[in-house]
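*Asks:* No sequence on hand, only this structure:
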């Protein structure tokens, strides 16, 4: 073929090999270099463009890697056929609407927000620096599917001291929240299980039960938490409850109702799924 005539700028911030690669690629896309065309040898093209053979070799290697050319032993580089790309034509009169201005409020009561100014960044940075070091290669591994074992040991110890719960690390599964853990719990129970849920309650919980095609019955909540008397009358096999901080009312399930609920579950061999939402916070 005739020699490739491209204008390369030596003082450009783009490397020479990349300039050459872009020129050849565009020629292939434009069909200036047709399928089957043999590219000049690296030595001849380098001499013609007054660049090193390494520059040409790097450009050809990039074209080869992206499938624009093929290399045939003792023959050289040849242009490969290119599939025609479908380009969707947009309306020239279309207008990109600006993003809406986010409103600000003096008091933001959205439940999923936190007070970022209260976060202990300095303490977090100090502990992170202690943990992330060359000694801890295990941080780069996948780890246990139940969560880091040392973390589960600490959780088991904490549960014993703070709640009086006796459990082993093997009984603990660490997850990213209700969205991940609740579906896993539901998978452990039969499809025929009927659940009781708080009404009103966390909207996502209702969505998760519906998504899993699980039968659930809403149960009223008052100033002392879920109505256990109505729980006892309901035809349910398991109860989902947030005793430490009911959402959205914020009520705490009274001790008498907790005991009554546990007795009900024990007598009827029922499951109680406790969502410990915000249990560590104390507002008074």
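*Replies:* Happy to help now that I have it. In this text, all values refer to a predicted model and were calculated from it rather than measured experimentally. Residues are numbered from 1 along each chain as shown.
*Asks:* C-alpha only now, for contacts and for neighbours.
*Replies:* Will do.
*Asks:* and residue 134, how many neighbours?
*Replies:* Counted with other C-alpha atoms under 10 Å, the neighbours of residue 134 add up to 8.
*Asks:* can you start the count at 204 instead of 1 from here on
*Replies:* I'll keep to 204 as the first residue from here, and by that count the last item is residue 337.
*Asks:* Give me the secondary structure label for it.
*Replies:* Taking DSSP: H, G, I helix; E, B strand; the rest coil as the rule, one finds residue 337 in the coil state.
*Asks:* Mind pulling up the pLDDT for it?
*Replies:* pLDDT, residue 337: 79.
*Asks:* And the residue nearest the centre of this protein?
*Replies:* With distances taken as C-alpha atoms, centre = their mean, the chain has residue 379 as the residue nearest its mean C-alpha position (10.2 Å).
*Asks:* Against residue 313, how distant is that one?
*Replies:* Distance of residue 379 to residue 313, given as C-alpha to C-alpha, to the nearest Å: 20 Å.
*Asks:* Kindly report the same for residue 455.
*Replies:* From residue 455 to residue 313 the distance is 20 Å (C-alpha to C-alpha).
*Asks:* who's more crowded, the two?
*Replies:* In terms of neighbours (other C-alpha under 10 Å), residue 455 is the more surrounded of residue 455 and residue 313; the figures are 18 against 7.
*Asks:* Which residues are in contact with that one?
*Replies:* By C-alpha atoms under 8 Å, 6 or more residues apart in numbering, the contact list for residue 455 reads 427-428, 446-449.
*Asks:* Tabulate those residues in JSON lines, adding columns for neighbour count and secondary structure.
*Replies:* As requested, the contacts of residue 455 are exported to JSON lines (neighbours: other C-alpha atoms under 10 Å; DSSP: H, G, I helix; E, B strand; the rest coil):
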{"residue": "427", "neighbour count": "17", "secondary structure": "coil"}
{"residue": "428", "neighbour count": "24", "secondary structure": "strand"}
{"residue": "446", "neighbour count": "24", "secondary structure": "coil"}
{"residue": "447", "neighbour count": "20", "secondary structure": "coil"}
{"residue": "448", "neighbour count": "21", "secondary structure": "coil"}
{"residue": "449", "neighbour count": "26", "secondary structure": "coil"}
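*Asks:* Nearest to residue 366 among those?
*Replies:* residue 447 (12.1 Å; C-alpha to C-alpha).
*Asks:* List the residues that contact that closest one.
*Replies:* With contact taken as C-alpha under 8 Å, 6+ apart, residue 447 is in contact with 454-456, 479-482.
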